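**Student:** Sequence isn't available, so here's the structure alone:
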């Protein structure tokens, strides 16, 4: 399971898919302009969300 941690306050988050109850995995989504966006993806249903934010910035994935 991917653990996201805030580099400012240290808060950590583990996430699971509400539909599948599967742990989300860390990935990068490449946009048309080549920019990479950190996302969390469900390995079962392939649902995707933007990775969590804390203290106004993206949390960093530890796993």
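**Tutor:** Nice, I can see it. Since this is a predicted model, take the numbers as computed values, not measurements. Numbering: from 1, shown residues only.

**Student:** Retrieve the pLDDT associated with residue 63.
**Tutor:** Residue 63 is assigned a predicted lDDT (pLDDT) of 59.

**Student:** quick thing: my sequence starts at 39, can you match it?
**Tutor:** Happy to do that; since the first residue is 39 now, the last one works out to residue 101.

**Student:** Quick one: residues contacting residue 60.
**Tutor:** Residue 60 makes contact with 54, 80, 81, 82, 83 under the criterion Cβ atoms under 8 Å, 6 or more residues apart in numbering. C-betas here are computed from N, CA, C, even on glycine.

**Student:** Find the nearest non-adjacent residue to it, please.
**Tutor:** Once flanking residues are discounted, residue 60 sits nearest to residue 82: 4.6 Å by Cβ to Cβ, 6 or more residues apart in numbering.

**Student:** what about the helix or strand of the chain with the lowest mean pLDDT, distance to the chain center?
**Tutor:** Of all the helices and strands that make up the chain, strand 98-99 has the lowest average by mean pLDDT, DSSP states H and E, namely a mean of 86. Mean-position distance between strand 98-99 and its chain equals 7 Å (Cα atoms, centre = their mean, to the nearest Å).
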